[in-house]
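**Q** Here is a sequence together with a model predicted from it:
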Amino acid sequence: MFSRIARPTICIATRSLSTSSQNNAKVAVLGASGGIGQPLSLLLKNSPLVGELSLFDIAHTPGVAADLSHIETRAHVTGYMGPDQLDAALKGCDVVVIPAGVPRKPGMTRDDLFNTNATIVATLADAVARNCPEAMICIIANPVNSTIPITSEVMKKYGVYNPNRVFGVTTLDIVRANAFVAELKGLDPARVNVPVIGGRAGKTIIPLISQATPKVEFPADQLSALTARIQDAGTEVVKAKAGAGSATLSMAYAGARFTSSVLDAMNGKDGVVECAYVRSEETECKYFSTPLLLGKHGIEKNLGLGKLSAFEENLVADAIGELKGSIKKGEDFVANMK
Ligand code: NAD
């Protein structure tokens, strides 16, 4: 068992998710009983930045909340179940993380999830707009390339859209790129940082190996293979799980890392940078992921694409068409909603 002395380091032993002092943020996890939702809630329960953890799902939340509430950390945990309790779950929330939705099965693309997850995300965004419009919204539910436009359009309907506060969580791609580069180069993964830009599906995932720190170099064939592996890493997990879902544990880690960065920045920590898929002027796509400087009010500055290699410029050019299509699909969905 963990000793009391060891407790502060169990948050995330490998890469510290947070260095700032305690605060009292109220964080909601919508879809808290799922494959991602449960370990994500566990990691957030261990965060010193969280004062209240509000867990919502359409099933099993009382059990998840009761279980987590026995952990000896300060976050107060409450479980809410079913549509009737959604508003109560969201009242006063500072940050809302949304992993609700169906995951991929072998042979499915993220876009195959569109019909089910679009409705779920639109319903949850509607409740956020009515109950905690100022909250930072972190969307994990796929297809992220469309669920961010959906969330944004729903917030606009209520006149409460703030593009600096709506994030598509792409952190898993950064986490994977860091892990794979470290493995290939024999580096400590906790010290590797590879920005990943674009979107959150297939060829729209664009790792910027040329901007990695520490600097790394690969021959052209290895660079192509590494890029393809990062783009297809989700499918690697879907295949290995053989019908039991998609990435959950690594996604929970990535979601907790991103949420902790948002909380750190809200808490006044300087220099917090994360990539995320957001409203953007950096390319001809309305939404695009790039490194962002985070602050007390969400995005403080979009740090842009930086200097790209010729290989990376081609990847961006290749991604634009698909991204635009996914964005339009999300916007059309909300426009046609009854
Ligand atoms: P899961 O099926 O294990 O869990 C989903 C949970 O959502 C379930 O507990 C379900 O009851 C709940 N849910 C369904 N409808 C709901 C609603 N209307 N309100 C609240 N909760 C609802 O799935 P999972 O593996 O946890 O994946 C969740 C989502 O995350 C999927 O869309 C998946 O594709 C996506 N995902 C995203 C990334 C990323 O990098 N952003 C990575 C992996 C998975």
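**A** Done, it's in. Since we're looking at a predicted model, the values are computed, not measured.
**Q** Run through the residues that contact L294.
**A** Counting by C-beta atoms under 8 Å, 6 or more residues apart in numbering, L294 makes contact with S261, V262, D264, A265, V272, V273, E274, E300. Where C-beta positions appear, they are placed from N, C-alpha and C, glycine not excepted.
**Q** For the residue of the stretch 1-150 of the chain found nearest the ligand, the count of nearby residues, please.
**A** The stretch 1-150 of the chain approaches the ligand most closely through G34 (2.1 Å), counting by C-beta to the nearest ligand atom. When counting by other C-beta atoms under 10 Å, one arrives at 26 neighbours for G34.
**Q** separation between it and C275?
**A** G34 sits 24 Å away from C275, going by C-beta to C-beta, to the nearest Å.
**Q** L323 now?
**A** Distance of L323 to C275, computed by C-beta to C-beta: 15 Å.
**Q** In which helix or strand does E153 reside?
**A** helix 144-157 (DSSP states H and E).
**Q** tell me what the helix or strand that that helix is followed by is packed against?
**A** Later in the chain than helix 144-157, the nearest helix or strand by DSSP H and E is strand 166-168. Using 3 or more C-beta pairs under 8 Å, 6 or more residues apart in numbering; DSSP states H and E, the elements in contact with strand 166-168 are strand 136-139, helix 144-157, strand 272-279.
**Q** how about JSON lines for those, with distance to the ligand and mean pLDDT added?
**A** JSON lines is the format used below for these (distance: least, C-beta to the nearest ligand atom, whole Å; pLDDT from 0 to 100):
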{"stretch": "strand 136-139", "distance to the ligand": "8", "mean pLDDT": "98"}
{"stretch": "helix 144-157", "distance to the ligand": "5", "mean pLDDT": "98"}
{"stretch": "strand 272-279", "distance to the ligand": "9", "mean pLDDT": "98"}
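**Q** Mean neighbour count added to the ones you listed, as TSV?
**A** Below are those laid out as TSV (neighbours: other C-beta atoms under 10 Å):
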stretch	mean neighbour count
strand 136-139	26
helix 144-157	25
strand 272-279	22
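**Q** closest one to A182 among these?
**A** strand 272-279 (17.4 Å; C-beta to C-beta).
**Q** contacting residues around the residue minimising distance to the centre of the chain?
**A** Taking C-alpha atoms, centre = their mean, the centroid of the chain lies closest to V169, which sits 2.2 Å from it. Contacts for V169 (C-beta under 8 Å, 6+ apart) come out as V97, C138, I139, I140, V144, A254, G255, F258, A276, Y277.
**Q** List the buried residues in whichever helix or strand V238 is part of.
**A** Element membership of V238 [criterion: DSSP H and E] is helix 220-241. Within helix 220-241, the residues scored as buried using 16 or more other C-beta atoms under 10 Å are L223, L226, T227, I230, Q231, A233, G234, T235, V237, V238, K241.
**Q** Send me that helix as CSV with only the CA atoms.
**A** Extracted in CSV, the C-alpha atoms of helix 220-241 (Å, rounded to 0.1, in the frame of the first residue of the first chain):
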residue,chain,number,x,y,z
ALA,A,220,13.3,9.8,-43.7
ASP,A,221,11.9,6.2,-43.6
GLN,A,222,12.0,6.1,-39.8
LEU,A,223,10.4,9.5,-39.6
SER,A,224,7.5,8.4,-41.8
ALA,A,225,7.0,5.2,-39.8
LEU,A,226,7.1,7.0,-36.5
THR,A,227,4.6,9.6,-37.8
ALA,A,228,2.3,6.9,-39.0
ARG,A,229,2.5,5.0,-35.7
ILE,A,230,1.6,8.2,-33.8
GLN,A,231,-1.4,8.8,-36.1
ASP,A,232,-2.6,5.2,-35.9
ALA,A,233,-1.7,4.5,-32.2
GLY,A,234,-5.4,4.6,-31.2
THR,A,235,-6.1,1.8,-33.7
GLU,A,236,-3.2,-0.2,-32.2
VAL,A,237,-5.0,-0.1,-28.9
VAL,A,238,-8.5,-0.8,-30.4
LYS,A,239,-7.1,-3.9,-32.2
ALA,A,240,-5.3,-5.1,-29.1
LYS,A,241,-8.5,-4.7,-27.0
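**Q** All good on my end, thank you.
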